[in-house]
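Visitor: any chance you can model this:
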Amino acid sequence: MKEDIAIRIDKLTVAYEAQPVLWNISLAFKKGKMTAIVGPNGAGKSSMIKAMLGLVKPVTGEVVYQDKDQQAVSYKELKNRIAYVPQNTSVDWDFPTTVRDVVLMGRYGHLGWFKRPKKADREIAKQMLGKVGLPTFASRQISQLSGGQRQRVFLARALAQEAEVYIMDEPLAGVDMKTERIIMKLLKELVSEGKTVLVVHHDLQTVEDYFDDIVFINQEVIAAGRVEDTFDKQTVKKTYHRDRNLGEGE
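Guide: Next up is the predicted model:
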């Protein structure tokens, strides 16, 4: 049976100040699967995600998404259906805003310009806070939360978006086990609903338990495929211990 492709990357090269951090990346992410993106620090994992989200402009190549009719579209054309959870460390947690307002941000793509959230939007935000185990935290300042609680709030924001594709940059880094269990349970539920989930992941010990597919990156694609076919000691060694001379990138 042919599997639908949600995202296709073709010959993508990304450079900062003329120094390549990703070189000639070609990948296909399958619809309705949870894919781990793994590699050492500086391998270009976050740079690839940023290129996929239009946050950095590639030197060459393109990223193409498939809409509900399996038509090829750009990120800009589908951005309201793509949810992004950035790295915990990349967020200004001192910004004065409440948990409720952060989660409501996930509804803005549905509202249009200058429209205020409606009762239905607030109800969705409330439901998503319940899903991540923080139903009583709506009025808290985001700066008052622990690292794990903040990550759950950002997941609630992504869930409130009701997207088709979820792209997450190290959502499990530095969180407690309770938060990790909650996050993975919700991500698996999304996949069971046919959503596509991409996760930059750092803990190789949990790959086989958590993911359907895996991509090994070290500035180039080392290997990609189903976890059961691709995840082995030889590929891990090749990814994490190869010589790199293309430059550095997150």
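Visitor: so where's this protein shaky on pLDDT?
Guide: For the chain, the stretches with pLDDT under 70 are 1-2, 69, 89-91, 93, 111-114, 242-250.
Visitor: for it, longest helix please?
Guide: For the chain, the helix reaching the highest residue count under DSSP state H is reported as helix 177-192.
Visitor: residue 198 and residue 170 touch, don't they?
Guide: No - counting by CB atoms under 8 Å, residue 198 does not reach residue 170; the two are 11.8 Å apart. (Each C-beta comes from the backbone N, C-alpha and C, glycine too.)
Visitor: burial count for residue 205?
Guide: A total of 6 residues lie near residue 205 under the criterion other CB atoms under 10 Å.
Visitor: what about it, distance to residue 20?
Guide: 31 Å (CB to CB, to the nearest Å).
Visitor: next up, phi/psi of the residue sitting furthest away from the middle of the chain, please.
Guide: Relative to the C-alpha centroid of the chain, counting by CA atoms, centre = their mean, residue 119 is the outermost residue, at 28.3 Å. Dihedral pair for residue 119: phi -60, psi -40, per degrees, to the nearest 10.
Visitor: and for residue 46?
Guide: Torsion angles, degrees, to the nearest 10, at residue 46: phi -70, psi -30.
Visitor: swap in residue 239?
Guide: phi -70, psi -40.
Visitor: so who does it touch?
Guide: 38, 39, 40, 43, 216, 217, 218, 222, 223 (CB atoms under 8 Å, 6 or more residues apart in numbering).
Visitor: same thing but 10 Å
Guide: 38-40, 43, 204, 215-218, 220-223 (CB atoms under 10 Å, 6 or more residues apart in numbering).
Visitor: just these: which are in strands?
Guide: Among the contacts of residue 239, the members falling in strands (DSSP state E) are 38, 215, 216, 217, 221, 222, 223.
Visitor: returning to that earlier point: by contact count, what packs against the longest helix of the chain?
Guide: strand 34-38, helix 119-131, helix 147-160, strand 165-169, strand 196-200, helix 207-210 (3 or more CB pairs under 10 Å, 6 or more residues apart in numbering; DSSP states H and E).
Visitor: next, format the ones you listed as a markdown table and append distance to residue 85.
Guide: Output for the helices and strands packed on helix 177-192, formatted as a markdown table (distance: least, CB to CB, whole Å):
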| stretch | distance to residue 85 |
| --- | --- |
| strand 34-38 | 13 |
| helix 119-131 | 13 |
| helix 147-160 | 5 |
| strand 165-169 | 4 |
| strand 196-200 | 9 |
| helix 207-210 | 15 |
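Visitor: all set, thanks.
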